[in-house]
Structure formats: structure tokens, C-alpha cells
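# Provided below are the primary sequence and the corresponding predicted coordinates.
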Amino acid sequence: MQCDRIWRGARLATVAEGSPGLGIVEDGLIAAREGRIIYVGSASAAPTLTAADEVDCEGRWITPGLVDCHTHIVYGGNRAREFELRLEGASYEEIARAGGGIVSTMRATREATEEALVAGALPRVDALVAEGVTTLEIKSGYGLDLANEQKSLRAARRIGGLRPLSVTTTFLGAHAMPPEAAGDKDAYIARVCDEMLPAVASAGLADAVDAFCEGIAFTPEQVARVFDKARNFGLPVKLHAEQLSRLGGAELAARYHALSADHLEHADEPGIVALAKAGVVAVLLPGAFYFVRETHKPPVELMHRHGVKLAIASDSNPGTSPLTSLLLAMNMAATLFRLTVEECVAGVTREAARALGCLDDRGTLEPGKWCDLAIWDIERPAELVYRIGFNPLHARVWRGR
Ligand code: DI6
Ligand code: FE
């Protein structure tokens, strides 16, 4: 069989569904053609393969390229000053209600040009890429009017062209109230539904639609209007649900068969059961949990009991998770939420791809999928989760290169 490139001498964590544990193959081999995996498995069972290029992995581990399935990485400015205020005792919600928080990032984002947004985001994106991320979701939600939401989504799309990386974009117009809406949430939601979402969808700027269902943001009823509109445009939905309080976001996400429900610190059993029944992925965001000093943990035991799929993401954003490390997110998910090593590794690969609706072509090492690989200098997968602030990535492969 002719292929473009072969990786030999590797230990594989295929993370393929149905294989026990992480789908480990000692003596592993991967062959790629035209960017896709055409063989993955043990070298002894491989067909005869010829390739122009062969890489000896010298016993290193290969996992699927990492997928960060929840970020707000495109924004202007930063919130270091707000961090200082929080250290002096102000709460995240107090700052938000006093016009700081998301709205201060909105101002800085509106002031920035598209070029400046790209330039500001790239160092953060590069930090993720340096740890093996090959697919990155980027949300809008700091523009909060049509022109600035479009600008943010265009900046996000451009990042995918500037780095060897797949970027998926999510329209999060229903993230916060812009000051000019003068507190009229229904009127703002009407603009999201009737003006922003149709324009963004018709321009092909969004792969999904998200909303923030929260006391400081929007009610389930308001979010449902946004989701109905997304459905009209054939866009899948995701939801920031039960992060700071429980409003029934989990049930709402289930009702709309969302790709994912994210955060879920305050979810209860009926909500978790609903997610399980609807096959909605729970995306855990331990960086935000840590950074806002949340004490209410997501109900991971209930998620286990009811068989909810668990993904982990950075939530990279200036206000609640200025985090640009999926390795650290894994460590936090294990330490703070007691996820196992297998759940952590699957959470940033297979389950994160599922949370983006792209499990068909990435997230695991299987024939036919994109050849997106992370090659690690480790002796066992637990090292990816165990270390704090150490990056054992040896090489990263995106679409076979
Ligand atoms: N939940 C979050 O944690 C971020 N957005 C959201 O809906 C916070 C965004 C910010 O504070 O800038
Ligand atoms: Fe978020």
C-alpha cells in the first residue's frame, strides 16, 4: 500500500470507542495518505506499506491531536485589573453587575481591529498548539453587536488559516447584555435572533450557536428563542449551563439535543439524567472552577452513574479562565473533579471531538480520520495528567504533516 508517511516504533493510545481503556497498542504503526490515517495498529499486523517518509518514534507515545472544544480566545484587552479587585474581595458577579466583567472585554474587543484581535489571540493559540492541540473551538460573544460579532468570528476563522490547526467557530451573541440594550434582555435577544444570527449563519461564519444561561445573562426561555433560530439555520447548539446557579440549562440543552452542555457545576440529578438520555456531552471547565474559586463541584458521580460523556476544555477567556493549557486542565479535572487518567485523555480527544460534532473525522486514531497526532516523550499516559506546568510534547502532526 502506498502512503505519504509512516510513524513506526510508537506506543499508541488510539482512544477508539469500544476498545478497552485508552485503546493501547504497543509496537504501534500509523500510516497516512492525503492527510488521513489509512492504517493504525500493531506493526506486525500491518499490510505492506511503502512511504516516501518514515518517522521512527523510538518508543514514544502517540495520542490523537488534542481538541480544545470550548474557548473564548479571541478578545481585546485583558482583565488583570479585575483580578486584583477580586483578590481584594469583589466577586465575579458583583463586578459583572457593576458594568465590569464581560462588558469591559466587550469594549476592548469593539475597539480592536480584526487584525489586532488575531494578533492578540495568536500567542494564546500558540500556547495551546505547543501542547498538541490540533482542533480549536473559538466562540464570539465579546462583540455583542452584529459588526463586532462578525469581526470576532472572522478573526477566529483567520487563525485557522495562519496556523496548522482546525478552527471551529461558535456564535455566542447571547453571552451578555451590551450597555446600549439598556437592560432590555428580550429586545436584545430579538436582535440576536432576527439580525445577528441570520447574518452570521448566512455568511458561513459559525459552525454552532451557544448561549449563556445564567442569572447575570439569559433565562432558559430567552435561550430557547436563540436555539429555535439556530435550528432554522441548521446550526447545532451548545450551552453554558448551570455554571453559577441552576436555572434548568441542562434540561434545556437536552431538549434541543445540544452537542454539549458546558460547566454544569450546579446541575442536579434530573438535569444529568436529561443530558444522558439526549446524548449531550458534559464539558467540564476546571480552569473556570479554579479561577472563580467556585466551591460547588460539577456532579461527576451522577454523570458517571448515568453514563454522561465527559469532555474537558480550557474555557480560555479573560474573565474566568485565563488558561491556555489543556494539560493543566486535565490535571485540574483529575485533582479537583476526580476524573481518571483515561477520562482526562478521552476528555481532550474523543469526547471533545464529540462535543464539537466532529467525531467522524477526528478525536481518535482510526482509519479514515484526519491524521492529527500528538507525539509525547512519556513512559505512560498518566504523565500527561500528573505533571503541573511541564510540557512533554515531542511533535505534533496536523493532517499528516
Ligand atoms: N462563562 C464563562 O465562564 C465565561 N463566559 C461564560 O459564559 C466568562 C467570560 C468572561 O468573564 O469574560
Ligand atoms: Fe465559556
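Ah, there it is. Ligands and ions are numbered 1, 2, ... in the order given.
# residues contacting Val25?
11-12, 14, 40-42 (Cβ atoms under 8 Å, 6 or more residues apart in numbering). Where you see a C-beta, it was placed from the backbone N, CA and C, and this is true even at glycine.
# try 10 Å
Residues in contact with Val25, defined by Cβ atoms under 10 Å, 6 or more residues apart in numbering, are 10-14, 16, 19, 40-43, 45, 62, 365.
# just Arg86 next, same as before
Contacts for Arg86 (Cβ under 10 Å, 6+ apart) come out as 79, 92, 94-95, 291-293, 319.
# neighbours of Leu146, just the number please.
A count of nearby residues for Leu146, using other Cβ atoms under 10 Å, gives 17.
# Now for it: which residues touch it?
Listed by Cβ under 10 Å, 6+ apart, the contact set of Leu146 reads 173, 191-192, 195-200.
# ok, now with 7 Å
195-196, 199 (Cβ atoms under 7 Å, 6 or more residues apart in numbering).
# Also His257?
His257 neighbours (Cβ under 7 Å, 6+ apart): Ala278.
# Which strand or helix spans it?
Assessed by DSSP states H and E, His257 sits outside every helix and strand.
# And the pLDDT at whichever residue of the stretch 201-350 of the chain sits closest to ligand 1?
Taking Cβ to the nearest ligand atom as the measure, the stretch 201-350 of the chain has Gly319 as its residue closest to ligand 1, at 2.2 Å. Reading off the confidence values, Gly319 has pLDDT 95.
# Quick check: phi and psi at the nearest residue to it once chain neighbours are set aside.
Excluding its sequence neighbours, the residue lying closest to Gly319 (Cβ to Cβ, 6 or more residues apart in numbering) is Arg79, at 5.2 Å. Per-residue torsions, Arg79: phi -120, psi 40 (degrees, to the nearest 10).
# Likewise for Ala10?
phi -110, psi 160.
# Just the CA trace of stretch 221-237, in PDB.
The C-alpha coordinates for stretch 221-237 follow below in PDB (Å, rounded to 0.1, in the frame of the first residue of the first chain):
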ATOM      1  CA  GLU A 221     -36.900  30.900  27.800                       C
ATOM      2  CA  GLN A 222     -34.700  33.500  26.100                       C
ATOM      3  CA  VAL A 223     -32.100  30.900  25.200                       C
ATOM      4  CA  ALA A 224     -34.800  28.700  23.700                       C
ATOM      5  CA  ARG A 225     -35.600  31.500  21.200                       C
ATOM      6  CA  VAL A 226     -32.000  31.600  20.100                       C
ATOM      7  CA  PHE A 227     -31.900  27.800  19.800                       C
ATOM      8  CA  ASP A 228     -35.100  27.800  17.700                       C
ATOM      9  CA  LYS A 229     -33.500  30.300  15.400                       C
ATOM     10  CA  ALA A 230     -30.300  28.200  15.200                       C
ATOM     11  CA  ARG A 231     -32.400  25.200  14.300                       C
ATOM     12  CA  ASN A 232     -34.000  27.200  11.400                       C
ATOM     13  CA  PHE A 233     -30.500  27.700  10.100                       C
ATOM     14  CA  GLY A 234     -29.400  24.100  10.600                       C
ATOM     15  CA  LEU A 235     -26.800  25.000  13.200                       C
ATOM     16  CA  PRO A 236     -26.100  22.800  16.100                       C
ATOM     17  CA  VAL A 237     -26.300  24.300  19.600                       C
END
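# now it: mean pLDDT?
Over the span of stretch 221-237, the pLDDT mean works out to 98.
# Check what contacts it and list those residues.
Stretch 221-237 is contacted from outside by 174, 185-186, 189, 192-193, 197-198, 201, 206, 208-209, 211, 213, 239, 252, 256, 258-259, 357, using Cβ under 7 Å, 6+ apart.
# about what we covered before: can you go through the contacts of Val25 and name the buried ones?
10-14, 16, 40-41, 43, 62, 365 (16 or more other Cβ atoms under 10 Å).
# May I ask which two of those are separated the most?
Ala16 and Ala43 (17.4 Å; Cβ to Cβ).
# circling back to that earlier point, I'd like the contacts of Leu146 written out as a markdown table, with secondary structure added.
Converted to a markdown table, the contacts of Leu146 look like this (DSSP: H, G, I helix; E, B strand; the rest coil):
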| residue | secondary structure |
| --- | --- |
| Glu195 | helix |
| Met196 | helix |
| Ala199 | helix |
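# Taking the stretch 51-200 of the chain, what residue is nearest to ligand 1?
Ile102 (4.4 Å).
# re earlier: could you identify the buried members of the contacts of stretch 221-237?
Neighbour counting over those (16+ other Cβ under 10 Å) leaves 174, 189, 192-193, 197, 201, 206, 208-209, 211, 213, 239, 252, 256, 258-259, 357 as the buried ones.
# In strands, which of those residues appear?
Of the positions in the buried ones among the contacts of stretch 221-237, 174, 208-209, 211, 239 sit in strands, assigned by DSSP state E.
# returning to that earlier point: now do the residue of the stretch 51-200 of the chain closest to ligand 1: how many residues are near it, please.
Residues near Ile102, counting by other Cβ under 10 Å, number 28.
# which residues touch it?
Going by Cβ under 7 Å, 6+ apart, Ile102 touches 96, 175-176, 319.
# just Val67 next, same as before
With Cβ under 7 Å, 6+ apart, Val67 has these contacts: 135, 348-349, 352-353, 356, 362-363.
# can we see that at 8 Å?
Going by Cβ under 8 Å, 6+ apart, Val67 touches 133-137, 348-349, 352-353, 356, 362-363.
# what's the answer for Arg107, then?
Shown in contact with Arg107 (Cβ under 8 Å, 6+ apart): 76-77.
# ok, and for the strand or helix carrying it, which residues are buried?
Arg107 belongs to helix 102-111 when elements are defined using DSSP H and E. Neighbour counts using 16+ other Cβ under 10 Å place 102-110 of helix 102-111 among the buried residues.
# what does the average pLDDT come to for it?
Helix 102-111 comes out at a mean pLDDT of 96.
# How about stretch 21-39?
For stretch 21-39, the per-residue pLDDT averages 98.
# in the stretch 151-300 of the chain, which spans are helices?
Assigned helices in the stretch 151-300 of the chain, in chain order: 185-191, 197-202, 220-232, 249-255, 269-278, 286-291, 300-306 (criterion: DSSP state H, counting those that start in this stretch).
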